[in-house]
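Chemist: What would the 3D arrangement of this be:
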Amino acid sequence: MWSCVRRAGILTALALPCSMSAVQSAHAALGGTPMTPPANASVSIRTVAPSSASQSVMRSAASSVSSASSTSTSASYTVRETTFGNGTIVREYLATDGSVFGIAWRGPQMPDLNTLLGTYFSQYVAGVKAAREARGGARGPVTVAQSDLVVHSGGHMGAFSGQAYLPSALPASVSGSDIQ
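Modeler: Down below sits the predicted model:
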């Protein structure tokens with residue numbers, strides 16, 4: 001009996017770190033600062049000017065990436081794309097002041113929306129609950145469209161995608177469809 005309990009305890013102790021490392025969280029928050037990418041991630045930065053071609057800069061996560069120094073004064077916004085070791089890609093859309101006004105994701109694992117949405121997460125959860133109740137509890141892709149928060153999220157195991165943005169924080173030259 002005790003050997004079974006001890007064996008189960010050992011297996012649980014071994015499985016917990018593995019399951020925790022499988023989910024890589026992003027440390028960004030909608031309306032806040034951009035994420036600090038993990039060491040095994042790659043980051044690309046693209047500055048988009050109001051009516052000119054964008055310029056791209058590739059940097060590794062190991063290098064110091066400063067969003068404030070990445071934006072130029074004539075830029076409409078900056079897109080930081082982080083590719084995690086598991087293949088999930090998170091794009092952060094940054095205003096000239098460095099704040100995140102939009103986030104998009106796609107990949108084999110769903111990112112941690114609690115972390116990505118920050119203070120807007122509870123509003124998102126309430127919107128999802130209302131949408132599911134309106135559909136009779138049916139699961140599936142979800143859209144939460146409110147005056148201060150828009151989130152589209154869907155997919156299935158191995159292929160998740162979504163977008164979230166703050167309509168009032170979008171730069172003049174950007175629409176919600178630009179958050180991809």
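Chemist: Near the residue lying closest to residue 40 once chain neighbours are set aside, how many residues? Count them for me, please.
Modeler: Spatial nearest neighbour of residue 40, chain neighbours left out: residue 85 (3.9 Å); criterion: Cβ to Cβ, 6 or more residues apart in numbering. Bear in mind the C-beta positions are built from the backbone N, C-alpha and C, glycine included. By other Cβ atoms under 10 Å, the residues close to residue 85 number 13.
Chemist: For residue 85, what are phi and psi?
Modeler: The phi/psi pair for residue 85 (degrees, to the nearest 10) reads phi -60, psi -30.
Chemist: what sits against residue 120?
Modeler: Counting by Cβ atoms under 8 Å, 6 or more residues apart in numbering, residue 120 touches 30-31, 149, 164, 166.
Chemist: Poorly predicted segments of this protein, please.
Modeler: For the chain, the stretches flagged by pLDDT under 70 are 1-28, 50-75.
Chemist: All the helices of it, residue numbers only.
Modeler: 2-22, 67-70, 113-117, 121-134 (DSSP state H).
Chemist: Flag every buried residue along the last one.
Modeler: It refers to helix 121-134. Neighbour counts using 16 or more other Cβ atoms under 10 Å place 121, 124, 127-128, 131 of helix 121-134 among the buried residues.
Chemist: In JSON lines: those residues, plus distance to residue 97.
Modeler: Formatted as JSON lines, the buried residues of helix 121-134 follow (distance: Cβ to Cβ, whole Å):
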{"residue": "121", "distance to residue 97": "22"}
{"residue": "124", "distance to residue 97": "24"}
{"residue": "127", "distance to residue 97": "27"}
{"residue": "128", "distance to residue 97": "30"}
{"residue": "131", "distance to residue 97": "32"}
